[in-house]
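> Fold the following and give me the result.
(chains A, B, C and D)
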Number of protein chains: 4
Amino acid sequence: MKTTPVKIANITIGGPEFTVIAGPCSVESQEQFSSTGLAVKKSGASLLRGGIFKLRTRPESFQGLGSSAFSMAKEIKSQLGMGFISEVTDPRQIGDLDDVVDAFQVGSRNMHNYELLKELGKTDKPIVLKRGLSGLIKEWLHAAEYILSQGNEQIVLCERGIRTFETATRNTFDLNAVAYIKENTPFPIIADPSHATGKSSFVTPLSLAAAAAGADGLMIEVHPNPADAKSDGPQSLNFNEFNLLMTQLERVLESLDRKLGKLI
Amino acid sequence: MKTTPVKIANITIGGPEFTVIAGPCSVESQEQFSSTGLAVKKSGASLLRGGIFKLRTRPESFQGLGSSAFSMAKEIKSQLGMGFISEVTDPRQIGDLDDVVDAFQVGSRNMHNYELLKELGKTDKPIVLKRGLSGLIKEWLHAAEYILSQGNEQIVLCERGIRTFETATRNTFDLNAVAYIKENTPFPIIADPSHATGKSSFVTPLSLAAAAAGADGLMIEVHPNPADAKSDGPQSLNFNEFNLLMTQLERVLESLDRKLGKLI
Amino acid sequence: MKTTPVKIANITIGGPEFTVIAGPCSVESQEQFSSTGLAVKKSGASLLRGGIFKLRTRPESFQGLGSSAFSMAKEIKSQLGMGFISEVTDPRQIGDLDDVVDAFQVGSRNMHNYELLKELGKTDKPIVLKRGLSGLIKEWLHAAEYILSQGNEQIVLCERGIRTFETATRNTFDLNAVAYIKENTPFPIIADPSHATGKSSFVTPLSLAAAAAGADGLMIEVHPNPADAKSDGPQSLNFNEFNLLMTQLERVLESLDRKLGKLI
Amino acid sequence: MKTTPVKIANITIGGPEFTVIAGPCSVESQEQFSSTGLAVKKSGASLLRGGIFKLRTRPESFQGLGSSAFSMAKEIKSQLGMGFISEVTDPRQIGDLDDVVDAFQVGSRNMHNYELLKELGKTDKPIVLKRGLSGLIKEWLHAAEYILSQGNEQIVLCERGIRTFETATRNTFDLNAVAYIKENTPFPIIADPSHATGKSSFVTPLSLAAAAAGADGLMIEVHPNPADAKSDGPQSLNFNEFNLLMTQLERVLESLDRKLGKLI
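Residues are numbered from 1 along each chain as shown, chains lettered A, B, ... in the order given. Next up is the predicted model:
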């Protein structure tokens, strides 16, 4: 089925160009976010990611900087001239986050949070809708309908791995889902190999695989020093690894007659 | 490990007595809720259930009566002298629901909704925390910690089936989890064979099984006419079937040296 | 659906009486097998189990005594007057095993081994067909058809847990499957809580649960000293624990209007 | 970890060159097998596949031509000058099949069939060991150890999809496993997108994905007329589709600095 592209800031996802969204799992500090943004931009990413409100399995884990990161995030994205995507975890955050982000991300744990989806359906910002840990593809599409039902048609799906019996990797990356979505729906689909593998050394091969499977883009976690990351360190690339990934990605995209979308 | 009992209205869950919570999937009308309440009370249930805000996979499905059911629910539970449990699906509902329910239910889709759990941790009502569709037992316990972290220790866990490869039944009822929770945690645990099986003819044998596995209670969906139910009809018992279940349950409980908790 | 009983030695499975099959995971020695057989018989088991050919995940694990255990097993079952069930793992074993066992067990790993099933369909001994680790109920029934297709109708199904995302227990015990099989097929069904839980302290509650769910019998691993067992020690009951289980089981069965089948 | 290449007939798997194994799911007739062999050879496949003994979920399904296909298979592979791989489903077939095949394939249903694996470990032919439907990666490697334990080190692993909760595709293709195997073991690994997706239109994108993820080769089902295939028609490519796949594959391989292994 023909994909209907979705525009996030100055970037179009789901058209002929391939989009790379990159940044840290969590926004941790001015310097960490700014340096990561600059590095991923240089390497060819065209949109920034960074968690401000984090959903963590344990309450004692780092939960994100919260609203204190708003002004910092606005400043940095403006300096870099890049659109910014961040996760919303509660309908009550939407009003404030709306001022900071160019697209709202719905995380895996909230794919079934229909109250949140309905509220997001009332905004005019694009929604990056991650697949739930145990979300059937058809449930994922029904989740998208909750957003559509309120009038917002700017939906980008994101495959980020599902929960299966296999524990050798953090999740099981379901690239069949990419082919399924491309064949059967008009939604652009991106892939998140960072969460889908949980291991930095697997991120590059699986990023290339996602592109080859037909994804419209990638969302990659990058950190200045993954060993020190406050969240998701084991699956984050450092600047050098990310740069290498982008070089290889460009070659693979070319072989698929596709190009990396570039910031103007 | 010794279970720490939790009191909901006039009923104690997790002590020597066994608790049956029953009622319709959704509160549909005065007559439907009232007649169901009366029927389940007569058969020996000691707490009422009934959905007011429903999370449904598809946006076009019946989503519950919402706040218009509040006064009706209050009236009926007061007439019957029974505590009432209903699901909360959004932190913004807590204030109003608090006036109606004796315990908040967190549904399977929200086990990972930590913002909601934190808000519920600030209330002084018991929380019935259902296991997520793909929730590891340890993640379920971490979810409970989110509630505990805000000071609320009145937590009742509810096993309601997990998602597996098997599709012959709606979910896979994990009764091993009951034994695990009893051995390793102080939380009372009840079981919901209606959702765990998805089929009314399986509800009775699996209810008995849950009791035999050591559960502290059951949550059962009952409807005056399951074929007409606005939600979950195929897994709802009619009054007669529920009455029969209760008769058999009492015998099995007796063989386990346990008794049905009765309303005074 | 009405169950068609299957006779193993002097015991009928799937009739009004409930059957307990017990014994060690592996036959390890004359003394171990003999003492276990005597103990389980005294406590009320009516059929013996014991592995001679073991399928183990790792080649360096104990693989069973093999054919050297044949004469010992024959002698002991004859002394005790009990029928004996053991697993067949290769079509080439059938001829020799046929002289020793009263029923062939097909283990979980071989549910899909259609060549083996066809060969067993040509024997005149009952087959205890365990469900595969990832066997859909419908595939399990198709496996039974392979046996039926060769003329052997003496099939007893055995639910022994399936593989899911949950790792807190060895497998996930699918007692919904018991209700499904009873409602939809004529096959007797027994349950194996030893493998389904992987933990001895869970075996008793889940045995009672299986009986309450409607199973026709149980298969339980018992060992004189589980800590020394050459296989499956953590899930084996000692004699005392097994005796306690049987006492509780008899009470639960009575509440279900069912009795333990006794050796005459 | 450095991969230790395995030679099948005149082709090396696991070296710098990428291997494509293709052919029909089942050998159905002289003409079907011969024409398919010729077509896949022309398009660049270097090894032939074709089932002679088929394991099918239902006993009434086509079970393969059996030994009557032996001479036909030998003749055709010799005419084409291509090595031939076929599945062995019973230890008793090994002697006869050994005369026909250049490598034995162990299918998904037999990954846990340790008796079969041990017998194959005694042959001097390479073994293509498919991952079981619910096989943990570590169990797959233990299965390989069964072959190794008997002295045969010529093992090629094949990822062919695992069973998960998702039913929109036949299986879930676990390409994380490819990265895991390459990083942690010396075994060459190929991927089978035909079984992993179950749908011919998904085979090409997922073949490219497998190559990009680092697989050493592919095994693809091809049929002169998939709609008429006696098995696996929906997932088989016709000659034209296969040729197109090979053209795209060569471009992707080039971008990865890899080449298609060619028959000399």
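> What ranges in the stretch 1-150 of chain A fall below the confidence cut-off?
Within the stretch 1-150 of chain A, no stretch falls below the threshold (pLDDT under 70).
> Can you tell me the SS state at whichever residue of it sits closest to chain C?
Relative to chain C, the nearest point of the stretch 1-150 of chain A is residue A:134 (7.9 Å; C-beta to the nearest C-beta). (Glycine included, C-beta is placed from N, CA and C.) Under the three-state scheme (DSSP: H, G, I helix; E, B strand; the rest coil), residue A:134 adopts coil.
> That one and residue B:163 touch, don't they?
Yes. In this structure, residue A:134 is within contact of residue B:163 by C-beta atoms under 8 Å, at 4.6 Å.
> Now for the two: what residues contact both?
Residues touching both residue A:134 and residue B:163 (C-beta atoms under 8 Å, 6 or more residues apart in numbering or on different chains): B:133, B:134, D:165.
> mind checking the longest strand of chain A?
For chain A, the strand with the greatest residue count under DSSP state E is strand A:17-23.
> Name every strand pairing with it and say which way it goes.
Under the criterion DSSP bridges, strand A:17-23 sits next to strand A:47-49 (parallel), strand A:217-221 (parallel), strand A:259-260 (parallel) in its sheet.
> hmm, stretch A:84-102 in reach of chain B?
Yes. Judged by C-beta under 8 Å from any C-beta of the partner chain, stretch A:84-102 comes into contact with chain B through A:89, A:90, A:91, A:92.
> Tell me, how many residues neighbour the third one?
For residue A:91, the neighbour count with other C-beta atoms under 10 Å in any protein chain shown is 19.
> so what's it up against?
A:115, A:116, A:119, B:90, B:91, B:92.
> Please enumerate residues in contact with the strand or helix carrying the first one?
Of the helices and strands defined by DSSP states H and E, residue A:115 is found in helix A:114-121. Surrounding helix A:114-121, the residues in contact under the criterion C-beta under 8 Å, 6+ apart are A:88-91, A:94, A:104, A:106, A:110, A:127, A:129, A:143, A:146-152, B:55-56, B:59, B:89-90, B:109.
> Please give me every residue in contact with the residue nearest to the residue of the stretch 1-150 of chain A closest to chain C when sequence neighbours are not counted.
If the residues on either side of it in the chain are set aside, residue A:134 comes closest to residue B:134, at 3.3 Å by C-beta to C-beta, 6 or more residues apart in numbering or on different chains. Counting by C-beta under 8 Å, 6+ apart, residue B:134 touches A:132, A:133, A:134, A:163, B:162, B:163, C:165, D:165.
> hang on, the fifth one packs against residue B:172?
Yes. Distance between residue B:162 and residue B:172: 5.5 Å, which falls inside the contact criterion (C-beta under 8 Å).
> Could you tell me which residues touch both of those two?
Taking C-beta under 8 Å, 6+ apart as the contact definition, residue B:162 and residue B:172 share the neighbouring residues C:164, C:172.
> and the lengthiest helix in chain A, is it in reach of chain D?
Assignment by DSSP state H gives helix A:239-255 as the longest helix of chain A. Yes. Using C-beta under 8 Å from any C-beta, helix A:239-255 comes into contact with chain D via A:248, A:251, A:252, A:254, A:255.
> Buried only: go through the residues you listed for me.
If you count burial by 16 or more other C-beta atoms under 10 Å in any protein chain shown, the buried members of the residues of helix A:239-255 next to chain D come out as A:248, A:252, A:255.
> got a list of contacts for the longest helix of chain A?
Helix A:239-255 has contacts (C-beta under 8 Å, 6+ apart) with A:18, A:20, A:22, A:36, A:39-40, A:42-45, A:200, A:203-204, A:207-208, A:211-212, A:218, A:220, A:222, A:224, A:237, A:259-260, D:212, D:251-252, D:254-256.
> In ChimeraX, how would I select the buried members of the residues you listed?
With 16+ other C-beta under 10 Å as the burial test, the buried ones among those are selected in ChimeraX as follows:
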select /A:18,20,22,36,39,40,43,44,45,200,203,204,207,208,211,212,218,220,222,224,237,260 /D:212,252,255,256
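> on that earlier part again, which single one of the buried ones among the residues of helix A:239-255 next to chain D is nearest to chain B?
Nearest to chain B among these: residue A:252, at 32.0 Å, using C-beta to the nearest C-beta.
> Against chain C, how distant is that closest one?
32 Å (C-beta to the nearest C-beta, to the nearest Å).
> and if you look at residue A:251?
Look at residue A:251 and chain C: by C-beta to the nearest C-beta, they are 36 Å apart.
> swap in residue A:202?
Using C-beta to the nearest C-beta, we find residue A:202 at a distance of 20 Å from chain C.
> now for the host helix or strand of that residue, which elements pack on it?
Using DSSP H and E, residue A:202 sits within helix A:200-213. In terms of contact count using 3 or more C-beta pairs under 8 Å, 6 or more residues apart in numbering or on different chains; DSSP states H and E, helix A:200-213 is assigned the packing partners helix A:176-184, strand A:189-191, helix A:193-197, strand A:217-221, helix A:239-255, helix D:176-184, helix D:200-213.
> Make a markdown table out of these and add mean pLDDT.
Converted to a markdown table, the helices and strands packed on helix A:200-213 look like this (pLDDT from 0 to 100):
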| stretch | mean pLDDT |
| --- | --- |
| helix A:176-184 | 98 |
| strand A:189-191 | 98 |
| helix A:193-197 | 98 |
| strand A:217-221 | 98 |
| helix A:239-255 | 98 |
| helix D:176-184 | 98 |
| helix D:200-213 | 98 |
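> Could you pull up the residues touching the closest residue to residue A:259 other than its chain neighbours?
Closest residue to residue A:259 apart from its sequence neighbours, by C-beta to C-beta, 6+ apart: residue A:17 at 5.6 Å. For residue A:17, the residues meeting the contact criterion (C-beta under 8 Å, 6+ apart) are A:258, A:259, A:260, A:261, A:262.
> which of the residues you listed lies closest to chain D?
Ranked by distance to chain D (C-beta to the nearest C-beta), the contacts of residue A:17 are led by residue A:258 at 11.3 Å.
> Would you check that the closest one makes contact with residue A:16?
Yes. Using C-beta under 8 Å, residue A:258 and residue A:16 qualify as a contacting pair, with a distance of 6.6 Å.
> neighbour count winner among the two?
Under the criterion of other C-beta under 10 Å, the comparison of residue A:258 against residue A:16 puts residue A:258 first, with 16 against 11.
> what's the pLDDT at the more buried one?
According to the predicted model, the pLDDT of residue A:258 comes to 97.
> who's in contact with the nearest residue to residue A:47 once chain neighbours are set aside?
Nearest in space to residue A:47, with sequence neighbours left out and distances taken as C-beta to C-beta, 6+ apart, is residue A:21 at 4.2 Å. Residues in contact with residue A:21, defined by C-beta under 8 Å, 6+ apart, are A:45, A:46, A:47, A:48, A:49, A:85, A:190, A:217, A:218, A:219, A:220.
> Go through those residues and say which is closest to residue D:123.
residue A:218 (44.0 Å; C-beta to C-beta).
> quick one, what contacts the closest one?
A:18, A:19, A:20, A:21, A:190, A:191, A:192, A:193, A:207, A:210, A:211, A:249.
> Buried ones among the contacts of helix A:114-121?
A:88-91, A:94, A:104, A:106, A:110, A:127, A:129, A:143, A:146-148, A:152, B:55-56, B:59, B:89-90, B:109.
> so of these, which ones are in strands?
A:104, A:106, A:127, A:129.
> what pairs with the third one across the strands?
So that's residue A:127. With beta bridges defined as DSSP bridges, residue A:127 has these partners: residue A:104, residue A:155.
> That one and residue A:103, how far apart?
Using C-beta to C-beta, to the nearest Å, residue A:127 is found at 7 Å from residue A:103.
> Can you pull the residues that touch both of these two?
A:154, A:156.
> for the residue of the stretch 1-150 of chain A closest to chain C, phi and psi?
phi -130, psi 30 (degrees, to the nearest 10).
> mind listing what residue A:62 touches?
The contact partners of residue A:62, by C-beta under 8 Å, 6+ apart, come to A:26, A:54, A:56, A:230, A:231.
> on that earlier part again, would you format the contacts of residue A:21 as a markdown table with distance to residue B:244 included?
Listed next are the contacts of residue A:21 as a markdown table, based on distance: C-beta to C-beta, whole Å:
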| residue | distance to residue B:244 |
| --- | --- |
| A:45 | 63 |
| A:46 | 64 |
| A:47 | 60 |
| A:48 | 61 |
| A:49 | 56 |
| A:85 | 55 |
| A:190 | 53 |
| A:217 | 56 |
| A:218 | 56 |
| A:219 | 53 |
| A:220 | 57 |
